[in-house]
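Undergrad: pasting the sequence and the predicted model now:
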Number of protein chains: 2
Amino acid sequence: MFESAQIGHSIDKDTYDAEVPALREALLDAQYELKQQARFPVIVLINGVEGAGKGETVKLLNEWMDPRMIDVLTFDQQTDEELARPPAWRYWRALPPKGRMGVFFGNWYSQMLQGRVHGVFKDAVLDQAITGAERLEQMLCDEGALIIKFWFHLSKKQMKARLKSLKDDPLHSWKISPLDWQQSQTYDRFVRFGERVLRRTSRDYAPWHIIEGVDPNYRSLAVGRILLESLQAALANNPKGKHQGNVAPLSHSIDDRSLLGALDMTLRLDKHDYQEQLVTEQARLAGLLRDKRMRRHALVAVFEGNDAAGKGGAIRRVAAALDPRQYRIVPIAAPTEEERAQPYLWRFWRHIPARGKFTIFDRSWYGRVLVERVEGFCSPADWMRAYSEINDFEEQLVNAGVVVVKFWLAIDQQTQLERFEEREQIPFKRYKITEDDWRNREKWDDYTQAVGDMVDRTSSEIAPWTLVEANDKRWARVKVLRTINEALEGAFAKGKK
Amino acid sequence: MFESAQIGHSIDKDTYDAEVPALREALLDAQYELKQQARFPVIVLINGVEGAGKGETVKLLNEWMDPRMIDVLTFDQQTDEELARPPAWRYWRALPPKGRMGVFFGNWYSQMLQGRVHGVFKDAVLDQAITGAERLEQMLCDEGALIIKFWFHLSKKQMKARLKSLKDDPLHSWKISPLDWQQSQTYDRFVRFGERVLRRTSRDYAPWHIIEGVDPNYRSLAVGRILLESLQAALANNPKGKHQGNVAPLSHSIDDRSLLGALDMTLRLDKHDYQEQLVTEQARLAGLLRDKRMRRHALVAVFEGNDAAGKGGAIRRVAAALDPRQYRIVPIAAPTEEERAQPYLWRFWRHIPARGKFTIFDRSWYGRVLVERVEGFCSPADWMRAYSEINDFEEQLVNAGVVVVKFWLAIDQQTQLERFEEREQIPFKRYKITEDDWRNREKWDDYTQAVGDMVDRTSSEIAPWTLVEANDKRWARVKVLRTINEALEGAFAKGKK
């Protein structure tokens, strides 16, 4: 979930200086239009890791925009008046009216995360708080509000470095003091529970935007752009005061970095190492699937990737290790008539393995946020809600003991071109290449964007994505096998405790 | 919540026999249209109290409709196959395809209620299950499904009588055996947790319908009508396969009984008894509000009622007992400009009393499901979602120690007429009567229906409605005071434990 907020996004000073004036002007225009229309309020939630620039960004927004139309609200210790009333009262009385923007710096999410991180309550109570937040936000959206949620992120290493330099900053009004944060355990717990909260509360009507906080230029520009796009979309599409289905499109990357771009595509294995490691990992997998602890688990492996990235070959190397009675390969193509008569996830539910079994999905439920999104086979509202539906789905699998591994096999454009041409020339491979493949290739950037959003929104501690550098098929196959093995061993070890 | 399912609804045999043929024909037509369009599936959930006719009704639906297009599914003990997979798998594999109807007799709700009733888990885990159910249903609706939820109800006394006569019925496939149910503790727990589940899962896109189960004619006709109306509405209004906001209107009462109609409007107090009881209850209230246990509570009293039912007089009798620093009266009229710029509930949140204080709402947040519904000031989608928003709101109050009492002051039409005419004749009362009052009077039946739905959907153990027979003002005033006193004493006693 936080993968793409740890790859060192940055914007150089020249680019930043060139872009800011136009952004500021557009933001001011949107703000005045908001006031003019006075049809809905804007609620901006600011959350995330300590030291990731939350305070600085809020300060900056006030400089960029007209501060007379922004209410910045910090919710620290409850006042006497607040303590005498239901917990939500403090938020209700701070709600911005239609036409104004409220920046909630510290909010219901900070409160529930603090409580959980410090062990005041357990997951079930955290889930009650999450449900409460969801209902509040759903209601606010039904009443017309535009909600924009930012999570500022840093890797643990980045955070420690930032906190050192921030020690004397007067802006810290948190209970979780920087001192507390210096302990890595606090960071780990915060990020773990933060992920649970984000996974469950990123709904189509109020999605989270995760912002890498290291580089101030990147952070500021990213927040400004998302704010602007969300505002503009809501100002344009809001005839009835409702935002459901009217959320801004997920923002495009604003620097030249992306998760896929950050992969080291030169990784490779020579033939000898490959043979040795392949056999080792295959044997390890065979052993794990025969292990009696496997009786309490099932295994689901999802294979997605660029066309010609080598999904088929990787799947064959996995299957080669196994007794055919133990696994099933489910290729996902266009839905059958029977499947079209059911909810989207039905055709995947029907293939969920029983305990002790292993199912390999050759393409999967992620089709909705990849091909269906890019090709426009479903509406934006449909693929936007799919992220949380998929997270719910995978959470149910994991809760039932299913180990879920998900692979994106990535190749670069040049490698894909070579493989396409090779396929066209070799008669027995020619069936593998179609007009569609060439068409998809033209949408390379759209797919890259869709993959980035997919990983950001569905990679979680419980069901993480593994991005596989697949220019070298050998490297990719071994990495796939090793990842499966490590996931199984991890699950077995956890079951033991 | 179950009030109007305990008033002895019944349909006589002649009426029943006269109505059934047309209903059956219409149901069959709707069923064929459903198959023809094949645009969405219908999922019917059957839950409720043991002995309330769940099984008989399902049997009857199969007789009335074309059983080839209905799948009746019982979910009893999990099979080996089901146990080896995530809990939801059994429901997914049973989902009806588009164009068909699935009757889920025993379902996710039965499972969570059983677990909670038998103490397998506590409220926090029940709430997790409730959230899971909500997400599943929300997703199914987003995917186009029409979900109709029936809760069959009996009072405890009715249930005991029914179970005796049902002993030999072979249709019971429940874990909760009738034997178990004979113990009143099981009934009490089932109804209490059932209310929690219904309150939280009755959403605008999939509301619960509560059916009194005593009289087979009433029960069958009520279910048949709701099914028919829901089907017809969905078949007509479903161009994009979405049902959100397209749910059938809440059904009108099908016999001559209603909650309001069941009130004994002849109740009265003579002057002497009134004076004595009034003074006693006023003194009791004054004492309770001075009690030091009041420091941990606040009090909210909501007054709604027919025009000229005597709300003002009743409120004055309550206030007369008190120190003006302790209470505030908040009259609710049309929203101010400031209030219109905020979400609907905002103007009530701002008047929530601090601990130790008492706020009297002269009309309230129920305006949305009364006048705004009847006069069309808001859309059906808005007032439909208001029920659950109000329940969420009041639950937050109660969780924070607020005691919530809600009064509907009911008079009959004749009494209202007399009071209107009196007001027009007495100069100092003339300001109290307007054209609006006469107009509202013409919508008497609409208001009666709206009040019934309001009480059904928002009267809960934590914040019950009290219907006050107000033809006699003395009776009404004393009942109001006594109810407030009992609620406070109940809360104090609970706090003690």
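TA: Perfect, I can see it now. Since the structure is predicted, the reported quantities are computational estimates derived from the model, not experimental observations.

Undergrad: look at the residue with the largest distance to the centre of chain A and report its pLDDT.
TA: In chain A, the greatest distance from the average C-alpha position (CA atoms, centre = their mean) is reached by A:Pro427, at 40.7 Å. pLDDT for A:Pro427: 75.

Undergrad: how about the contacts made by A:Leu288?
TA: Residues near A:Leu288 by CB atoms under 8 Å, 6 or more residues apart in numbering or on different chains: A:294, A:485, A:488-489, A:492. For glycine as for every other residue, the C-beta is placed from the backbone atoms N, C-alpha and C.

Undergrad: who in the stretch 1-150 of chain A is up against chain B?
TA: A:38, A:41, A:81, A:84-89, A:92-93, A:95, A:97-99, A:124-125, A:127-128, A:131-132, A:135, A:139-140, A:142-145 (CB under 8 Å from any CB of the partner chain).

Undergrad: can you rerun that using 7 Å?
TA: Contact residues, the stretch 1-150 of chain A versus chain B (CB under 7 Å from any CB of the partner chain): A:81, A:84-89, A:92-93, A:95, A:97-98, A:124-125, A:127-128, A:131, A:135, A:139-140, A:142-143.

Undergrad: so A:Phe152: helix, strand or coil?
TA: strand (DSSP: H, G, I helix; E, B strand; the rest coil).

Undergrad: what do you get for A:Ile211?
TA: Here A:Ile211 is recorded as strand under three-state DSSP.

Undergrad: what of A:Arg328?
TA: Applying three-state DSSP: A:Arg328 is strand.

Undergrad: filter the residues of the stretch 1-150 of chain A next to chain B down to the buried ones.
TA: A:84-89, A:92, A:95, A:97-98, A:127-128, A:131, A:135, A:139-140, A:142-143 (16 or more other CB atoms under 10 Å in any protein chain shown).

Undergrad: inside helices: which ones of the residues you listed?
TA: In helices, defined here by DSSP state H, the members of those are A:89, A:92, A:127-128, A:131, A:135, A:139-140, A:142.

Undergrad: now, which of those sits nearest chain B?
TA: Nearest to chain B out of those is A:Trp92 (CB to the nearest CB; 4.0 Å).

Undergrad: quick check: closest non-adjacent residue to the closest one.
TA: In this structure, A:Trp92 finds its nearest non-sequential neighbour in B:Trp349, 4.0 Å apart by CB to CB, 6 or more residues apart in numbering or on different chains.

Undergrad: neighbouring contacts of stretch A:30-40?
TA: A:42, A:65-66, A:69, A:98-99, A:144-146, A:228, A:231-232, A:234-235, A:238, A:241 (CB atoms under 7 Å, 6 or more residues apart in numbering or on different chains).

Undergrad: at 8 Å instead, please
TA: Contacts of stretch A:30-40 with the rest of the structure, by CB under 8 Å, 6+ apart, involve A:42, A:65-66, A:69, A:98-101, A:144-146, A:228, A:231-232, A:234-235, A:238, A:241, A:243, B:341.

Undergrad: now that stretch: how far from the chain's centre is it?
TA: Relative to the centre of its chain, stretch A:30-40 is centred 31 Å away, using CA atoms, centre = their mean, to the nearest Å.

Undergrad: pLDDT (mean, whole number) over that stretch?
TA: 91.

Undergrad: again with stretch A:324-341
TA: Per-residue scores along stretch A:324-341 average to 88.

Undergrad: how distant is that stretch from the center of its chain?
TA: Here the centre of stretch A:324-341 is set off from its chain's centre by 26 Å, with CA atoms, centre = their mean.

Undergrad: determine how far the last residue of it lies from the first.
TA: Using CA to CA, to the nearest Å, the end-to-end distance of stretch A:324-341 comes out at 31 Å.

Undergrad: quick one: is that stretch near chain B?
TA: Yes: Stretch A:324-341 lies within reach of chain B by CB under 8 Å from any CB, at A:338, A:341.

Undergrad: that older thread, please flag which of the contacts of stretch A:30-40 sit within strands.
TA: Judged by DSSP state E, those include A:42, A:101, A:146 as members of strands.

Undergrad: pLDDT score for the second one?
TA: Think A:Met101. 93.

Undergrad: swap in the last one?
TA: According to the predicted model, the pLDDT of A:Leu146 comes to 93.

Undergrad: save the ones in helices among the buried ones among the residues of the stretch 1-150 of chain A next to chain B as TSV, and put in distance to A:Gly51 too.
TA: TSV is the format used below for these (distance: CB to CB, whole Å):
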residue	distance to A:Gly51
A:Trp89	30
A:Trp92	30
A:Asp127	28
A:Gln128	29
A:Thr131	30
A:Arg135	31
A:Met139	33
A:Leu140	29
A:Asp142	36
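
Undergrad: what's the burial count for the closest residue to chain B within the stretch 151-300 of chain A?
TA: The minimum distance from the stretch 151-300 of chain A to chain B, using CB to the nearest CB, falls at A:Ala298 (7.7 Å). Residue neighbour count, defined by other CB atoms under 10 Å in any protein chain shown, stands at 23 for A:Ala298.

Undergrad: what bridges to it?
TA: Bridge pairing for A:Ala298 (DSSP bridges) gives the partners A:Val402.

Undergrad: isn't it right next to A:Pro353, touching?
TA: Yes: counting by CB atoms under 8 Å, A:Ala298 sits close enough to A:Pro353 to count as a contact (4.3 Å).

Undergrad: what sits in contact with each of these two?
TA: Common neighbours of A:Ala298 and A:Pro353 (criterion: CB under 8 Å, 6+ apart): A:359, A:402, B:85.

Undergrad: contact partners for the second one?
TA: What it means is A:Val402. By CB under 8 Å, 6+ apart, the residues touching A:Val402 are A:297-300, A:352-353, B:86.

Undergrad: between those, which is nearest A:Thr280?
TA: A:Leu299 (18.9 Å; CB to CB).

Undergrad: and the closest one, what's its pLDDT?
TA: A:Leu299 is given a pLDDT of 96.

Undergrad: show me what contacts the residue of the stretch 151-300 of chain A closest to chain B?
TA: By CB under 8 Å, 6+ apart, the contact list for A:Ala298 reads A:352-359, A:400-403, B:84-85.

Undergrad: got the phi and psi for the residue nearest to A:Trp92?
TA: phi -50, psi -40 (degrees, to the nearest 10).

Undergrad: sorry, back to before: dump the shared contacts of A:Ala298 and A:Pro353 into TSV; add distance to B:Phe377 as well.
TA: Formatted as TSV, the shared contacts of A:Ala298 and A:Pro353 follow (distance: CB to CB, whole Å):
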residue	distance to B:Phe377
A:Thr359	53
A:Val402	50
B:Arg85	49
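
Undergrad: which residues of the stretch 201-350 of chain A fall in strands?
TA: Taking DSSP state E, counting those that start in this stretch as the criterion, the stretch 201-350 of chain A contains strands spanning A:208-212, A:298-305, A:327-331.

Undergrad: quick check: which of the contacts of A:Leu288 are also close to chain B?
TA: Within the contacts of A:Leu288, nothing lies near chain B by CB under 8 Å from any CB.
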